[in-house]
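J.: kindly return the folded structure for what I paste below:
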Amino acid sequence: MTTIFFLVRHAAHDNVDDFLAGRSGGIVLGESGLSQAARLGQRLRRERFDAIHASPRERTQETAIAIAGAYGLTEIHANPALDEIDFGEWSGRAFEELASDPDWQRWNEDRSRARAPGGETMIEVQARVMSCIEALAKQHRGGAVVLVSHADVIKAAVCHFLGLPVQGCFRFDIAPASITTIVTGDWGGKVLGLNEIVA
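T.: Predicted coordinates for the structure are as follows:
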């Protein structure tokens with residue numbers, strides 16, 4: 001028995017390329033992001049799935065609501081294992097400002113060991129998202145689940161299934177409002193589709 005996972009990155013908020021949102025509150029989808037989320041919902045209507053689990057951040061919940069509404073599901077499971085990386089002191093800071101921070105440079109040069117100040121390592125993120133996927137695979141054998149999360153969290157899972165170190169996250173993109181499809185079974189798992197961008 002296999003389980004299919006649709007790993008969905010949330011649609012874009014208005015300043016997605018300007019600052020590190022992290023776990024900051026009040027980051028919601030703008031007009032463009034809401035339109036992306038609606039298109040995601042229409043795209044995922046073509047699939048069959050049993051449940052939607054989403055990070056508790058507002059932008060992921062809004063994306064999940066659009067998918068659920070298009071599919072006719074009434075329940076969205078807020079799942080802390082899918083939460084954004086805890087970037088600690090970096091949350092809310094502009095990328096331009098972070099560029100001169102030696103700790104930020106170290107984080108991007110060695111994701112396997114560096115820790116966000118007051119936050120998580122990428123290895124810890126990978127451990128929690130993989131624990132979530134393994135638990136849901138047991139609950140939904142023969143079915144499928146939508147997981148709405150964040151770029152680096154999805155990248156951590158993809159690195160696991162591709163057998164890459166977490167530093168390999170820079171070898172591929174996970175765009176806003178994209179779908180990455182993974183199948184798991186007793187034999188392991190594999191990536192069926194990567195970074196499908198819904199136009």
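
J.: longest helix anywhere in the chain?
T.: helix 122-139 (DSSP state H).

J.: need the next SSE after it, C-terminal direction.
T.: strand 144-149 (DSSP states H and E).

J.: run the chain-centre distance for that following strand.
T.: What separates the centre of strand 144-149 from the centre of its chain is 9 Å, taken as Cα atoms, centre = their mean, to the nearest Å.

J.: which helices and strands sit right next to the following helix or strand past that strand?
T.: Following strand 144-149 in sequence order, the next helix or strand is helix 151-162 (DSSP H and E). Packed against helix 151-162 by the contact rule (3 or more Cβ pairs under 8 Å, 6 or more residues apart in numbering; DSSP states H and E) you find strand 3-9, helix 122-139, strand 178-185, strand 188-197. Quick note: C-beta positions are derived from backbone N, CA and C, even for glycine.

J.: distance to A94, mean neighbour count and mean pLDDT added to those, as JSON lines?
T.: Formatted as JSON lines, the helices and strands packed on helix 151-162 follow (distance: least, Cβ to Cβ, whole Å; neighbours: other Cβ atoms under 10 Å; pLDDT from 0 to 100):
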{"stretch": "strand 3-9", "distance to A94": "21", "mean neighbour count": "25", "mean pLDDT": "98"}
{"stretch": "helix 122-139", "distance to A94": "22", "mean neighbour count": "18", "mean pLDDT": "97"}
{"stretch": "strand 178-185", "distance to A94": "24", "mean neighbour count": "20", "mean pLDDT": "98"}
{"stretch": "strand 188-197", "distance to A94": "25", "mean neighbour count": "15", "mean pLDDT": "97"}
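
J.: ok, which of those comes nearest G33?
T.: Ranking these by proximity to G33 (Cβ to Cβ) places strand 3-9 first, at 11.2 Å.

J.: now that closest one and helix 151-162, what's the angle there?
T.: 150 degrees (axes from the mean of the first three to the mean of the last three Cα atoms, to 10 degrees).

J.: which neighbouring elements make contact with strand 3-9?
T.: On a contact count with 3+ Cβ pairs under 8 Å, 6+ apart, strand 3-9 meets helix 31-44, helix 122-139, strand 144-149, helix 151-162, strand 178-185.

J.: that one vs strand 178-185, what angle?
T.: Using the same axes, to 10 degrees: strand 3-9 against strand 178-185 is 160 degrees.

J.: what strands line up against strand 3-9, and which way round?
T.: Strand pairing for strand 3-9, determined by DSSP bridges: strand 144-149 (parallel), strand 178-185 (antiparallel).

J.: just put those strands in JSON lines and tack on distance to I76.
T.: What follows is these, written out as JSON lines (distance: least, Cβ to Cβ, whole Å):
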{"stretch": "strand 144-149", "distance to I76": "8"}
{"stretch": "strand 178-185", "distance to I76": "17"}
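
J.: so which of the ones you listed gets nearest D50?
T.: strand 144-149 (6.2 Å).

J.: tell me the mean pLDDT for the closest one?
T.: Taken as a whole, strand 144-149 carries a mean pLDDT of 98.
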